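Enquirer: fold the following, please.
(chains A and B)
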Amino acid sequence: MAMYNDKVMDHFMNPHNVGEIQGADGSGTYGSPVCGDMMKIDIKVENDVIKDAKFKTFGCGSAIASSSVATDMIIGLTIDEALAVTNKQIIDELGGLPAIKIHCSVLADHAIKSAIYDYAQKNGKTYKGLEGFDPNADEDEHGCEV
Amino acid sequence: MRQVYLDYSATTPVKEDVLNAMIPYFTEKFGNPSSLYTVGTVSREAIEKARGQVAKLINAQDKEIFFTSSGTEADNWAVFGIVDALKNKGNHIITTKIEHHALLHTGDFLEKHGYDVTYLDVEPDGRVNPEALKAAITDKTILISIMFVNNEVGTVQPIKELAAIAKERGIVFHTDAVQALGNVHIDVKDLGVDLMSVSAHKIYGPKGVGALYIRKGVQLSNFMHGGAQESKRRAGTENLPGIVGFGKAAELAYENLDAHIKKVSELRNYFIDQVMSKIENVTLNGSKEFRHPGNANLTFEFIEGEAMLLYLDMKGIAVSTGSACSSASLVPSHVLSALGIPVEKIHGSLRFTVGEPTTKEDIDYVVEQLVEVVNKLRSISSVSKTKGW
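Expert: Next comes the predicted model:
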């Protein structure tokens, strides 16, 4: 379909890291079914390094592709490095998204931060990259027009 | 890979007989219908023949059919034509929340220019309650416009009853019958409508040609200004091949109407039964009884429509999320919203429309692929039957 490039379609058709991690060290959900996209990302952390990440997403093609590529990107990164991943980098890694679908990359970025936020809360840690981040923030600004 | 098109409410392929009827009017019989010489006369006669063919399909008089460039133009002409012609009588229009954007956006425009527009709610099955229409009428109401068959959920409105309410109060009644034409029996005299919009490309005719039925005696201002075409009421050189094609498509639709309705409704019902029996948590949107014969609008819970559409497209299957015009939009379908369907479920809704070329084998293939697609997307989804929304 012409709306998405081949890389987005490949991640959508053959998504990486689908599933849930039993006993995850951090788990974050961002978005809402009402807005049409909701992502859940689980992370496994060892020595502040993300050893594994899995996702489940209710959403459109770009939401699933963004989740897939975002989990690929953070596996092997330190928490600080993962927190530095931006939605722009997610878009670049996908080779671009249509303008109307940019919010999907923002959801993926926020889902990662939500999972790390959960990890930090459980382990009494603080990270500079989480300053000002609210996992319960309304996502209206990202495209939900309900 | 098998290719299955199940989006006949978006558009239909031009039938071979229709195309053959059109071809000479591109090259051999190309005269301007307004010209007085023989080549022009031949074109004019072809247009009049098509007018008669379209009129016959809806039991109108030939002179009550006015060709336009589309159903949207016909809708716009009906609304603006009445607003202008009756501007001294009132400034209130009644329509519904489930109209095509050709009506809704026209209503928005008029509201910005000082008109009052009432958008009627519909019942959960998508039908307009006649009592709600009666209650909405004011002394300023000059037009009631209610679509015959909804383009997304296929609901058929009680047009005869609604038009009678308008007639009782002396109000002009227009219906957008673009989805109804060729799919339900239409008799404008029996229905008592004043204005009706139709389009060729929904009945296996060409794109770019529609028509407005204007009941004899209805006061309506011109929409296009210029030449004397269409009895001086719609200027612009006629789309001659398109109009000829519309006429032929209307003739074929008239001849095949009962067989068409029987065939597509049987296939559609078979499709719905198969999907419902093989996939859990699926609901049919709209009325089951009062429904476009080819339409199945289904909600697949816990997954999202565009993702389904993309997977199906990769398997050679063409369907629609709501109306085709809004498939790249983030805004949930206004029609499904008006039916009271929760927004999270609207996101998982698809419209399948069966047409004349559809076969049982096509349906079996689509069901088989749909089961696979729904299962895969549900396995990825962050919401589920056990977790809920």
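Enquirer: between the two ends of stretch B:222-242, what distance do you get?
Expert: End-to-end distance for stretch B:222-242: 21 Å, by CA to CA, to the nearest Å.
Enquirer: now do the same contact list for the residue nearest to B:M147 when sequence neighbours are not counted.
Expert: Nearest non-adjacent residue to B:M147, counting by CB to CB, 6 or more residues apart in numbering or on different chains: B:D176, 4.2 Å away. Every residue, glycine included, has its C-beta placed from N, CA and C. Counting by CB atoms under 8 Å, 6 or more residues apart in numbering or on different chains, B:D176 makes contact with B:G71, B:A74, B:D75, B:E99, B:H100, B:A102, B:L103, B:S145, B:M147, B:F148, B:M196, B:S197.
Enquirer: again, 10 Å this time
Expert: B:71-72, B:74-75, B:78, B:95, B:99-100, B:102-103, B:145-151, B:195-199 (CB atoms under 10 Å, 6 or more residues apart in numbering or on different chains).
Enquirer: filter these down to just the ones in helices.
Expert: Judged by DSSP state H, helices contain the following of these: B:G71, B:T72, B:A74, B:D75, B:A78, B:A102, B:L103.
Enquirer: which residues in the chain form helices?
Expert: Reading this off chain A. A:6-13, A:61-74, A:79-83, A:87-94, A:102-123.
Enquirer: that's the wrong chain, I wanted chain B
Expert: Secondary structure of chain B, counting by DSSP H: helices at B:16-22, B:38-58, B:71-85, B:101-112, B:130-136, B:159-168, B:188-191, B:229-232, B:240-278, B:305-314, B:334-338, B:343-346, B:360-380.
Enquirer: of those helices, which shows the lowest average pLDDT?
Expert: With a mean of 91, helix B:343-346 has the lowest mean pLDDT of those.
Enquirer: so does it get close to chain A?
Expert: Yes. Counting by CB under 10 Å from any CB of the partner chain, chain A is contacted by helix B:343-346 at B:V343, B:E344, B:K345, B:I346.
Enquirer: now do the contacts for the most centrally placed residue in chain A.
Expert: Centroid-nearest residue in chain A: A:A108, 2.6 Å away (criterion: CA atoms, centre = their mean). By CB under 10 Å, 6+ apart, the residues touching A:A108 are A:30-31, A:37, A:39, A:41, A:55, A:57, A:59, A:62-71, A:73-74, A:85, A:87, A:90-91, A:94.
Enquirer: what does chain B put close to chain A?
Expert: B:301-311, B:313-314, B:321, B:327-332, B:337, B:342-348, B:376-384, B:387-389.
Enquirer: out of the residues you listed, which are buried?
Expert: B:301-311, B:321, B:327, B:330, B:332, B:337, B:343-348, B:376-378, B:380-384 (16 or more other CB atoms under 10 Å in any protein chain shown).
Enquirer: what sits against the residue of chain A at minimum distance from chain B?
Expert: Going by CB to the nearest CB, chain B is nearest to A:P33 of chain A, at 3.6 Å. Residues in contact with A:P33 (CB under 10 Å, 6+ apart) are A:58-59, B:301-302, B:304, B:342-345, B:347-348, B:381-383, B:388-389.
Enquirer: which of those fall in strands?
Expert: Secondary structure assignment by DSSP state E places A:F58 of the contacts of A:P33 in strands.
Enquirer: nearest to B:L86, of the contacts of A:P33?
Expert: Taking CB to CB as the measure, B:L86 lies nearest B:V343 of those, at 38.0 Å.
Enquirer: surely the closest one touches B:T299?
Expert: No. Look at B:V343 against B:T299 with CB atoms under 10 Å: they stay out of range, at 11.4 Å.
Enquirer: touching both of these two, which residues are there?
Expert: Contacts common to B:V343 and B:T299, judged by CB under 10 Å, 6+ apart, are B:L336.
Enquirer: in chain B, what residue lies closest to chain A?
Expert: Residue of chain B nearest chain A, by CB to the nearest CB: B:E344 (3.6 Å).
Enquirer: give me the nearest residue to that residue, chain neighbours excluded.
Expert: A:P33 (3.6 Å).
Enquirer: from B:F173, how far out is the residue lying closest to B:E123 once chain neighbours are set aside?
Expert: In space, and not counting its chain neighbours, B:E123 is closest to B:N129: 5.9 Å by CB to CB, 6+ apart. For B:N129, the distance to B:F173 equals 16 Å [CB to CB, to the nearest Å].
Enquirer: now swap in B:R127 and tell me
Expert: Relative to B:F173, and taking CB to CB, B:R127 is found at 16 Å.
Enquirer: out of those two, which sits in the busier spot?
Expert: A direct count of neighbours by other CB atoms under 10 Å in any protein chain shown for B:R127 and B:F173 places B:F173 higher, at 25 against 21.
Enquirer: which residues are in contact with that one?
Expert: Per CB under 10 Å, 6+ apart, neighbours of B:F173: B:94, B:143-146, B:159, B:162-167, B:191-196, B:215, B:218.
Enquirer: from B:V193, how far out is it?
Expert: Between B:F173 and B:V193 the computed distance is 5 Å (CB to CB).
Enquirer: which residues are in contact with each of these two?
Expert: Common neighbours of B:F173 and B:V193 (CB under 10 Å, 6+ apart) are B:I144, B:I146, B:I159, B:L162, B:A163, B:A166, B:K167, B:R215, B:V218.
Enquirer: just the buried ones from these?
Expert: Listed as buried from these are B:I144, B:I146, B:I159, B:L162, B:A163, B:A166, B:R215, B:V218; burial here means 16+ other CB under 10 Å.
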